[in-house]
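S.K.: Pasted the sequence and its predicted model underneath.
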Amino acid sequence: MFSKILIANRGEIALRIIRACKEMGIQTAVVYSTADKDAAYLDLADQKICIGDAPPADSYLNIPRIMSAAEIADVDAIHPGYGFLSEKHHFAEIVRSCKIEFIGPPVDAMLALGDKVQCKKIAKKAKVPTVPGSDGAVESEEEALEIARKIGYPVIIKAAAGGGGRGMRVAHNDVSLRAGIKQAALEAENAFKDATVYIEKYVEFGRHVEVQVIADQHGNACHLYERDCSMQRRHQKLVEESPCPVLSPEKREELCSSAVRLIKAAGYYNAGTVEFLVDADMNYFILEVNARIQVEHPVTELVTGVDLIKEQIRVAAGEKLSFAQKDIKLTGHAIEIRLNAEDPARNFAPCPGVIEELRLPGGPGVRLDTHVYAGYRIPPNYDSMIGKLLVHRRTRAEAIATMKRALLETHISPIKTTIPLHLQIMDNEHFRKGTVDTRFVERVMLAK
């Protein structure tokens, strides 16, 4: 087992990893930027190292500075958390070349699954359903038009190296397809330095259902069931829950088994998430694989009882999974909301600044993962998420009631947050019935 781990991230995920390491008897070193110098979680680590100024390029995305910190702290592993460098195969290569373990998947698997075109090829070989569309990258407008006319409009153009909704365009006819190809390629080049795009049939009222998987370096792989992440705004998740409220036990087993087949076929180990699109007829198609721990991993922890961060660390250290598939049982229902410092009344404008008043929720069935406190200054340089509020109850109806109660208990001032929107969601009849899709929030709740 590792003796000391460097945490190459910030905020609530850095705190989450510190806590897991403390319980495992592992020392921690945490990096921070000048914008995060007053963060309270820094004092919980055994060592803290400033790696640069506030801009991510000068700190959390600066590989030489992170590696210098690893050398100074004399660590034997690095946990990248999520975001930033977590899915950068080049970073993983550098870490391992320095005889430090990267707490994540092997580079070959990251490369294969990180490219959506290659991921689709692996999925087909593993007999995992894929959305009808191009077999690989689309090289020309003429090829795109031919494919779209064959599978039928609407279609969606996607960046092969994309994520977070960037490099994506929906086309309903030839004209919008021509324009969309150019726009998606340009956006992909700017965001990912890779203009490669491909085309798929667009499922208009689909659900986003993802499967949590984990595998060790000894050939063992398990799923930890699914999370429904259909409540989104502009492809950014707002609410996640487990289990999915509309899957039958048979379809759940089929979906989760597909995810395990895929990661085995890719030679993957450590934690990962296989994302699927589920249509109105309960047909499912692979979307992509996130080769890291997810923001919403606590949802799975609540319904399975598995500490995913600890399991990640054990797997990276070469240990076998501490459980078999038969040991994993779904218990109750869990819901997570992302607590963002944004103003829904002003088109979700970010709201950095000082939190002057803070009242946090608690009570039966409530979990809050956050690094903020009264007096904390939310920096303008990073993602606006300041915490994750979760509930775990016996039934979905009870979970919704507890989430509403917990949201009403929460008071953050003068910072504006997404709490008002989440309260609307909890009261929404369609959400309560589970009859939503990935465009529901924009199409119904935010439509003016």
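M.R.: On my side now, so go ahead.
S.K.: in which helix or strand would I find the residue lying closest to residue 42 once chain neighbours are set aside?
M.R.: Spatially, and ignoring its direct neighbours in sequence, residue 42 is nearest to residue 48 (4.4 Å; CB to CB, 6 or more residues apart in numbering). Yep, even glycine has a C-beta here, placed from its N, CA and C like the rest. Secondary structure from DSSP states H and E places residue 48 in strand 47-52.
S.K.: hmm, who's touching that strand?
M.R.: When contacts are defined by CB atoms under 8 Å, 6 or more residues apart in numbering, strand 47-52 is touched by residues 27-34, 37, 42, 58-60, 62, 65-66, 68-69, 72-73.
S.K.: Tell me which of those residues fall in helices.
M.R.: 65-66, 68-69, 72-73 (DSSP state H).
S.K.: okay, now the residue nearest to residue 42: neighbour count?
M.R.: Residues near residue 48, counting by other CB atoms under 10 Å, number 20.
S.K.: Summarise which helices and strands the one helix or strand in the chain whose mean pLDDT sits lowest is packed against.
M.R.: Every helix and strand of the chain was ranked by mean pLDDT, DSSP states H and E. The lowest is strand 155-163, at a mean of 84. With contacts taken as 3 or more CB pairs under 8 Å, 6 or more residues apart in numbering; DSSP states H and E, strand 155-163 sits against helix 116-125, helix 141-151, strand 166-171, helix 174-192, strand 197-201.
S.K.: which phi and psi does the most centrally placed residue in the chain have?
M.R.: The residue lying closest to the centre of the chain (CA atoms, centre = their mean) is residue 294, at 3.6 Å. Here is the backbone geometry of residue 294 (degrees, to the nearest 10): phi -100, psi 160.
S.K.: Now that it has come up, it's in contact with residue 274, right?
M.R.: No - Residue 294 is beyond contact range of residue 274, at 10.9 Å (criterion: CB atoms under 8 Å).
S.K.: what do those two both touch?
M.R.: Counting by CB under 8 Å, 6+ apart, the shared contacts of residue 294 and residue 274 are residue 210.
S.K.: who are the neighbours in contact with residue 167?
M.R.: The neighbours of residue 167, taking CB under 8 Å, 6+ apart as the test, are 158-159, 161, 184-185, 187-188, 191-192, 197.
S.K.: How about residue 226?
M.R.: Shown in contact with residue 226 (CB under 8 Å, 6+ apart): 209-212, 242-244, 247, 252, 255-256.
S.K.: One more pass at 10 Å, please.
M.R.: Neighbouring residues of residue 226 by CB atoms under 10 Å, 6 or more residues apart in numbering: 209-212, 241-244, 247, 251-252, 255-256, 259, 273-274, 276, 278, 284, 299-300, 303, 330.
S.K.: Name the SS class of it, please.
M.R.: Look at residue 226: counting by DSSP: H, G, I helix; E, B strand; the rest coil, its state is strand.
S.K.: those helices in this protein, which residues are they?
M.R.: Per DSSP H, the chain carries helices over the ranges 11-24, 63-73, 89-97, 107-114, 116-125, 141-151, 174-192, 249-265, 297-304, 308-316, 396-409, 419-427, 429-433, 440.
S.K.: Pick the most deeply packed of those.
M.R.: By mean neighbour count, with neighbours taken as mean count of other CB atoms under 10 Å, helix 297-304 ranks first of the helices of the chain at a mean of 25.
S.K.: Tell me what angle that helix forms with helix 11-24.
M.R.: 50 degrees (axes from the mean of the first three to the mean of the last three CA atoms, to 10 degrees).
S.K.: what are the C-alpha coordinates of helix 297-304, in PDB please?
M.R.: C-alpha atoms of helix 297-304 as PDB (Å, rounded to 0.1, in the frame of the first residue of the first chain):
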ATOM      1  CA  HIS A 297     -19.700   8.900  -7.400                       C
ATOM      2  CA  PRO A 298     -21.200   9.400  -3.800                       C
ATOM      3  CA  VAL A 299     -24.600   8.400  -5.300                       C
ATOM      4  CA  THR A 300     -23.300   4.900  -5.900                       C
ATOM      5  CA  GLU A 301     -21.500   4.800  -2.600                       C
ATOM      6  CA  LEU A 302     -24.800   5.400  -0.800                       C
ATOM      7  CA  VAL A 303     -26.800   2.600  -2.500                       C
ATOM      8  CA  THR A 304     -24.000   0.000  -2.600                       C
END
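S.K.: how's the protein carved up into domains?
M.R.: 4-103, 132-201, 207-445 (automatic domain parsing).
S.K.: before we move on, back to that, now the helices and strands packed on strand 155-163 in TSV, with distance to residue 445?
M.R.: TSV is the format used below for these (distance: least, CB to CB, whole Å):
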stretch	distance to residue 445
helix 116-125	29
helix 141-151	30
strand 166-171	20
helix 174-192	25
strand 197-201	26
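S.K.: could you dump those to JSON lines with mean pLDDT and distance to residue 344?
M.R.: Formatted as JSON lines, the helices and strands packed on strand 155-163 follow (pLDDT from 0 to 100; distance: least, CB to CB, whole Å):
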{"stretch": "helix 116-125", "mean pLDDT": "90", "distance to residue 344": "31"}
{"stretch": "helix 141-151", "mean pLDDT": "92", "distance to residue 344": "35"}
{"stretch": "strand 166-171", "mean pLDDT": "87", "distance to residue 344": "22"}
{"stretch": "helix 174-192", "mean pLDDT": "90", "distance to residue 344": "25"}
{"stretch": "strand 197-201", "mean pLDDT": "90", "distance to residue 344": "31"}
